[in-house]
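A.B. asks: Need the 3D shape of this:
(one chain, ligands or ions: 1)
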Amino acid sequence: MLKDFHHFKGSELTRSEKIQRKVVELILESKIPDETRESSFVWELKHSSGCCQVGRILAQKRSLDIELSEIICILHDIAVIVEGSYKDHAKRGAEIAKKMLEESGYFSREEIGLITEAIAHHSEKQAYTGNPYVELAKDADVFDCSLYQNAKGFYLLHKPKEIYKEYVKRIISVRKELGLRQDEFFREE
Ligand SMILES: [Fe+2]
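C.D. replies: Residues are numbered from 1 along each chain as shown. Just a heads-up that it's a prediction; the model follows:
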């Protein structure tokens with residue numbers, strides 16, 4: 001039977017969609033103002049949604065589970081959303097996500113383990129693991145960021161040169177995977 005799309009209204013949301021809606025609610029209802037959080041509300045909304053879409057695309061390309069991939073991506077910076085800080089945000093995010101997913105009652109222990117491992121390690125862009133979901137989290141994160149104006153300047157100004165090179169390596173490899181040109185890897189204007 002043909003099902004109508006709910007546009008995130010009502011009670012017909014899937015478990016993944018409920019988590020996605022929860023993330024938006026956490027951003028909109030946060031008591032930490034833009035002045036004191038390291039990124040803005042707008043950035044958190046845009047980057048979590050952007051990563052979620054990139055994650056869906058990469059999951060299709062890599063034949064991974066789309067639902068788990070979108071949950072990993074929407075939650076990858078959950079610590080920054082909740083605490084307003086990037087300090088230890090990967091590890092803190094894994095703890096926050098674990099609690100959130102357990103409390104929802106919709107996910108098995110194995111699923112929670114897979115999701116939280118990807119979140120916990122998503123900042124280690126220089127490392128290449130054999131875990132496709134950990135790699136998807138890193139790739140979706142850098143690729144989404146690379147599409148914004150002046151992302152290059154941000155990385156060059158705020159990341160050590162070696163880390164910048166690792167980001168570029170990942171962005172180029174995702175661009176190749178998606179059939180995009182590789183001589184330009186940041187949006188220049
Ligand atoms: Fe991120």
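A.B. asks: Distance of I66 relative to Q60?
C.D. replies: The gap separating I66 from Q60 is 7 Å, by Cβ to Cβ, to the nearest Å. From N, CA and C alone the C-beta is placed, and that goes for glycine too.
A.B. asks: Neighbour count: the two, which is higher?
C.D. replies: Neighbours per residue (other Cβ atoms under 10 Å) separate I66 from Q60, with I66 holding more: 15 against 11.
A.B. asks: what does this protein have sitting close to the ion?
C.D. replies: 77, 141 (Cβ under 5 Å from the ion).
A.B. asks: any idea which residue sits dead centre in the chain?
C.D. replies: What sits nearest the mean C-alpha location of the chain, by Cα atoms, centre = their mean, is C73, with 3.2 Å.
A.B. asks: for the chain, what spans make up the helices?
C.D. replies: 15-28, 41-61, 66-75, 78-83, 89-104, 109-121, 132-146, 151-158, 161-177 (DSSP state H).
A.B. asks: In JSON lines: these, plus mean pLDDT.
C.D. replies: Output for the helices of the chain, formatted as JSON lines (pLDDT from 0 to 100):
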{"stretch": "helix 15-28", "mean pLDDT": "97"}
{"stretch": "helix 41-61", "mean pLDDT": "98"}
{"stretch": "helix 66-75", "mean pLDDT": "98"}
{"stretch": "helix 78-83", "mean pLDDT": "98"}
{"stretch": "helix 89-104", "mean pLDDT": "98"}
{"stretch": "helix 109-121", "mean pLDDT": "98"}
{"stretch": "helix 132-146", "mean pLDDT": "97"}
{"stretch": "helix 151-158", "mean pLDDT": "91"}
{"stretch": "helix 161-177", "mean pLDDT": "95"}
